[in-house]
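**Q** here's my sequence, what's the structure:
(chains A and B)
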Number of protein chains: 2
Amino acid sequence: MIFRNPKDILAFYISRYLMDGDTAVDATAGNGADTAALLRAVGNGKVYAFDIQQKAIEAARRAVNNDCRAKFILDSHAEMDKYVPAGIRCAVFNLGYLPGGDHSIATKAGAVIEAIGKACSLLGDSGFIAVTMYRGGDSGYEEFEAVSRYLSSLDHRKWNVLRFDYFNRPNDPPVLAVVERKIAN
Amino acid sequence: MIFRNPKDILAFYISRYLMDGDTAVDATAGNGADTAALLRAVGNGKVYAFDIQQKAIEAARRAVNNDCRAKFILDSHAEMDKYVPAGIRCAVFNLGYLPGGDHSIATKAGAVIEAIGKACSLLGDSGFIAVTMYRGGDSGYEEFEAVSRYLSSLDHRKWNVLRFDYFNRPNDPPVLAVVERKIAN
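**A** Purely as a prediction, here's the structure:
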């Protein structure tokens, strides 16, 4: 199998897009797995990693061995435009709660939608925004539906939104959406 | 953009899976575009191309300049097991009507579902089945819904079904599903 799960698909987009010197955003640092993957791809570039939980920031910082190319920011991803310069190559969102953390603390649709809008504004001419969405279980359906609705409403003349769905898996598998710019800024 | 449309995604899977000497099936020869793409990828291999319309078979044969590696079969894809030996690397379905042909002559959900089932049986340990589905307009929704239902019902322990959806395009864009074997025969 080529794409066993959303992680494989994300790794594919990272490998195809990211280049030495790029700036990337991990909008949901969590335990740092995506921050680490982005750092491996940006060479002499930089990764801005956001989380609203101190616990997550610490875990992510440990996961990347205090790599000085990673800038950890304890603030909502909806504020990313205050910290991140325009011209990023990618922004990665992994929604839901912190694995191993408090399931009642999770990303919220309103902030996620605002943050995706800001990531679109910051995105360079060639790059992508990846959003992994969860539904069912503790995640419920509200965030999934609201973020899906927002992504499907992005102007098709300006943005390409491709949704990857593991169609025959039981128990509401995660869904990945990848947003790419169709026309230059 | 990496995957501008289902054709790009299909080309990606072909490039990743097909090798010299492989056997591939074009379940819907149509105007021969997929037959030609498969022939470019199989080297000394073979492509079995099915269509129920003589007109399509002739167009496809012309499109590949009478390439002797292509075996054109004027019969339903639901009969592919009568012609194709087991161990194929891929089967490609492009549903709907023949472009430029009579829109009332189109693939039918029942035969498509039977054919996908047979393609699953014929598929080797490593390979894929791609199904491009249309909806709306002259295609309606019946075939799309029936084939989608069938694909989502494939046993998730045996088959990986990944659905690619151009999520923000208006007017019911085509949807591609790719089926891969998870466990060896």
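**Q** helices along chain A, start to end?
**A** Along chain A, the segments classed as helices by DSSP state H run A:6-17, A:33-42, A:54-63, A:109-122, A:142-152.
**Q** which neighbouring elements make contact with the first one?
**A** Under the contact criterion of 3 or more Cβ pairs under 8 Å, 6 or more residues apart in numbering or on different chains; DSSP states H and E, the helices and strands touching helix A:6-17 comprise helix A:33-42, strand A:88-94, strand A:123-133, strand A:175-181. For glycine as for every other residue, the C-beta is placed from the backbone atoms N, C-alpha and C.
**Q** tell me the buried residues in that helix?
**A** Within helix A:6-17, the residues that qualify as buried are A:6-7, A:9-10, A:13-14, A:17, counting by 16 or more other Cβ atoms under 10 Å in any protein chain shown.
**Q** equivalent analysis for the fourth one, please.
**A** For helix A:109-122, the neighbour count (16+ other Cβ under 10 Å) marks A:109, A:112-116, A:118-119, A:122 as buried.
**Q** residues contacting that helix, please?
**A** A:25, A:27, A:76-78, A:80-81, A:84-88, A:91, A:93, A:95, A:129, A:131, A:142-143, A:146-147, A:150-151, A:154, A:159, A:179, A:181 (Cβ atoms under 8 Å, 6 or more residues apart in numbering or on different chains).
**Q** cool, and the third one?
**A** Counting by Cβ under 8 Å, 6+ apart, helix A:54-63 makes contact with A:26, A:29-33, A:35-36, A:49, A:51, A:70, A:72-74, A:98, A:101, all of which sit outside it.
**Q** repeat that with 7 Å
**A** When contacts are defined by Cβ atoms under 7 Å, 6 or more residues apart in numbering or on different chains, helix A:54-63 is touched by residues A:29-33, A:35-36, A:49, A:51, A:72, A:74, A:98, A:101.
**Q** tell me what angle that helix forms with helix A:33-42.
**A** Orientation check (axes from the mean of the first three to the mean of the last three Cα atoms, to 10 degrees): helix A:54-63 against helix A:33-42 gives 40 degrees.
**Q** just how off-centre is helix A:54-63 within its chain?
**A** Between the centre of helix A:54-63 and the centre of its chain there are 16 Å (Cα atoms, centre = their mean, to the nearest Å).
**Q** give the buried residues for it.
**A** Judged by neighbour count (16+ other Cβ under 10 Å), helix A:54-63 contains these buried residues: A:56-57, A:59-61, A:63.
**Q** tabulate those (TSV), appending pLDDT.
**A** TSV is the format used below for the buried residues of helix A:54-63 (pLDDT from 0 to 100):
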residue	pLDDT
A:56	95
A:57	97
A:59	96
A:60	97
A:61	97
A:63	97
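**Q** redo those residues as CSV? Include distance to residue B:42.
**A** Output for these, formatted as CSV (distance: Cβ to Cβ, whole Å):
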residue, distance to residue B:42
A:56, 49
A:57, 51
A:59, 48
A:60, 46
A:61, 50
A:63, 44
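**Q** what distance do you get for residue A:92 to residue A:35?
**A** 9 Å (Cβ to Cβ, to the nearest Å).
**Q** so for those two, which sits in the more crowded spot?
**A** Taking neighbours as other Cβ atoms under 10 Å in any protein chain shown, residue A:92 and residue A:35 compare with residue A:35 leading, 29 against 25.
**Q** report the contact partners of the more buried one.
**A** A:26, A:29, A:47, A:49, A:60, A:63-64, A:70.
**Q** farthest pair within the residues you listed?
**A** Pairwise distances across the contacts of residue A:35 peak at 11.9 Å for A:47 and A:63 (criterion: Cβ to Cβ).
**Q** would you tell me which one of the buried residues of helix A:109-122 comes nearest to residue A:172?
**A** So of the buried residues of helix A:109-122, ranked by how close each gets to residue A:172 (Cβ to Cβ), first place is residue A:109, at 16.5 Å.
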